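Trainee: Could you work out the structure for the sequence below:
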Amino acid sequence: MPKPETRPRWSELIMGSPSRYTLFPLIWPVVCGLSFVILAMASLHARPLFPGTELRDLGIAWGMWREGMFLVPRINGMPFAHEPPLLYWIITAGWSLFGVNDVWPRLISPLFGFSGVLMCAALARQLWPGMAKAGGTPGLGIGGVCGAVLMGGLFWPVLSTVWGSLPIAVFFLIVAFWGVVVSWRSGLWSGCVTGGLALGLGMLASGPVLLVYILPVMAMAPLWGRAMIEPQAEPQAEPPAGRWRGWYGQMLAFLGLAVGVVLLWLIPAILQEDALYRAALVQRLFTPVSLPGSGTGWVYALLLAGLMLPWVLWSKTWYALRGIGYSFRDGGFWFCVLWVLPVLGVGLVWPGGDWSSVWTPVMMAIPGLSLMVGFLLFVWSASTATLPGGGASGGLTAGLVSRLFIYGAPLMGLMIALLGVLVIVMPLASNTFDLPWWVGRLWGGWGVIMVLCGLLIAVIMPRVPTLRVLMVAATSVLIIASGYLAAKPLRSELHNMTAAAHRVSSLLEQGIAVAFIGPYEGEFDFLGRLERPLDILERDDPLGAVAWSATNNPGEVISFYPVLPGGLPPQAVFAWWDRHVVFWSGETLTIRPSLVLSQDQL
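Mentor: Model (predicted):
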């Protein structure tokens, strides 16, 4: 009588055999590095600095550099309490090495994006150390798979080219989580110190919001810590009470070190500035300015799914969900669940707020979600060679959904190729058909890269399952880079403030006074390398504008308008997206003071 097949133990399934070592230990960091180099070069070439956050932050950094005052960020000479200073310190540190330029600041996000992928891989190897080099088939280890999932999602490549402190904060958050796991596994203080310093630096980049994600993981260590699977070992037994006391003592020291890093900056900054700045800074750092309204948890869920493209369209992701039952027996998976869960929880229960605040919590949670998806894909790749029937058990719903994507790779490849064809054809068709005005401005030739990437996925997928993940990730980054290059003419025309900033600089060099109407966010400071702050006029105060014009002759006044006012001619006009940057002479403003009013009051 033949011996019946027995299902392997969970630890055997995810650990594999000690002889099954990865054949490509360096292929994924090399591919990842090249992908980020291409992405950074495409971003530098294809788009100017965006007015708003990018030019504001560069203006603040320029003010720090110009005045030699690095403690408190300032915008147009006034203290700026909206953001902590780490981003500006990194910019000025780079300028001290490479000189003042706009290339170094725009490389900060790609550098931290690439570092975040490497750190995500290191965290995966700590969560699942037995899978670091083993798998069901030769290919990538768990670190390479999780790093590729993070790199290939829609979120991470885009975030890695967008200006701001968020990529820095997310990177340090990943490092802090790494420190938590190292502290748990080893009990040594090295993980605690590294994680505490990283958390403190992350809070200097984005504020105390990082605590929302890391505190549940620290507090719920009994849930995920007991279920941690060591290489060639069963889940850990109940730890002694002394272990828990030592653990929570380490976590208190972890948090104390992070708070200490923040206080090293916060106390001198508060002592230097006035009471108004102190109140604004404390409110910004310790009070949620805006959080999504109650009942928007479903918005979070949709964003998380959308930002995980293309993985949600790949059939293998749905096949991997068939092993979800095994995953909830693993402590590392629970670790990631506790990381992601606060995002949905905040959206479900927190009252008030606006939709724009949805993005930051979602972005903080994407690395944790990528670890979960990478873990499932790695277990799927192992189970195809280990489990009877060639796949993990469970998940009837996931199995039915996966059948809808049975031809996932060819289907996804053809969808990408179709997108490339549209990019090629639509600019040509804009002369014949009534299409939106911006379609004719695209560079359709870059759609060829999208077509080639789509055909590559549809036809030439590697047989090694984990290498398929890497290939999808690399082609995803290439598609995003191609999209940037295709949109270059549109971005350069509508988002470029360089000409207006040079005019401001030229006027000031000639001794002509310049004022700005309304709230000023440093749009001209860096691009024009302004050596002194602009005068700010209150909108809806015509008498104040007339008084300024009388005492500053010659002088010019700058204002933004959605629609260019008629009547008296301006000194200069520059287009910016859907608005106009208008320079008025002081004499014109004296004749028509109503020009300082908002558009709907003219």
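Trainee: mind checking how far I214 is from P129?
Mentor: Separation of I214 from P129 (C-beta to C-beta, to the nearest Å) stands at 21 Å. Just so you know, the C-beta spots here come from the backbone N, C-alpha and C atoms, and that holds for glycine as well.
Trainee: With I591 instead?
Mentor: I591 sits 75 Å away from P129 when distances are taken as C-beta to C-beta.
Trainee: just P84 next, same as before
Mentor: Applying C-beta to C-beta to P84 and P129 gives a distance of 34 Å.
Trainee: And those two? Which one has more around it.
Mentor: P84 (26 against 18; other C-beta atoms under 10 Å).
Trainee: Just list what the longest helix anywhere in the chain packs against, helices and strands only.
Mentor: If you go by DSSP state H, the chain has its longest helix at helix 241-272. In terms of contacts (3 or more C-beta pairs under 8 Å, 6 or more residues apart in numbering; DSSP states H and E), helix 241-272 is packed against helix 166-186, helix 189-206, helix 211-219, helix 221-225, helix 275-286.
Trainee: repeat that with 7 Å
Mentor: helix 189-206, helix 275-286 (3 or more C-beta pairs under 7 Å, 6 or more residues apart in numbering; DSSP states H and E).
Trainee: ranking those helices by burial, who's on top?
Mentor: Counting by mean count of other C-beta atoms under 10 Å, helix 189-206 has the highest mean neighbour count of these, with a mean of 22.
Trainee: contacts for that helix?
Mentor: With contacts defined as C-beta atoms under 7 Å, 6 or more residues apart in numbering, helix 189-206 is touched by 84-87, 165-166, 168-169, 172-173, 175-176, 178-180, 182-183, 210, 214, 250, 253-254, 257-258, 260-262, 265.
Trainee: low-confidence ranges in the stretch 451-600 of the chain?
Mentor: The stretch 451-600 of the chain contains residues with pLDDT under 70 at 463, 490-495, 596-600.
Trainee: and the host helix or strand of V362, which residues are buried?
Mentor: Using DSSP states H and E, V362 maps to helix 359-386. Buried residues in helix 359-386, counted by 16 or more other C-beta atoms under 10 Å: 360-384, 386.
Trainee: and the closest residue to W28 other than its chain neighbours, what is it in contact with?
Mentor: Excluding the flanking residues, the one nearest W28 by C-beta to C-beta, 6 or more residues apart in numbering is G144, at 3.7 Å. G144 is in contact with 28, 121, 466, 470, counting by C-beta under 7 Å, 6+ apart.
Trainee: in the stretch 351-500 of the chain, which spans are helices?
Mentor: 359-386, 396-404, 408-429, 447-459, 465-486, 488-494, 498-509 (DSSP state H, counting those that start in this stretch).
Trainee: just the angle between the longest helix of the chain and helix 211-219, please?
Mentor: For helix 241-272 against helix 211-219, the angle by axes from the mean of the first three to the mean of the last three C-alpha atoms, to 10 degrees is 160 degrees.
Trainee: what comes up buried for helix 241-272?
Mentor: Neighbour count says helix 241-272 has 247, 250-251, 254-255, 257-259, 261-262, 265-266, 269-270 buried, by 16+ other C-beta under 10 Å.
Trainee: and the angle for it with helix 166-186?
Mentor: Interaxial angle of helix 241-272 relative to helix 166-186 (the same axes, to 10 degrees): 150 degrees.
Trainee: Distance from helix 241-272 to the middle of the chain?
Mentor: Per C-alpha atoms, centre = their mean, to the nearest Å, the displacement of helix 241-272 from the mean C-alpha position of its chain is 26 Å.
Trainee: Let the chain start at 2 from now.
Mentor: Yes, from this point I'll number from 2; that puts the last item at helix 242-273.
Trainee: mean confidence score for that helix?
Mentor: Helix 242-273 shows a mean pLDDT of 85.
Trainee: low-scoring pLDDT stretches of the stretch 152-301 of the chain, where are they?
Mentor: 228, 230-245, 286-301.
Trainee: do that again at 80, thanks
Mentor: 156, 164, 188-189, 227-247, 275-277, 279-301 (pLDDT under 80).
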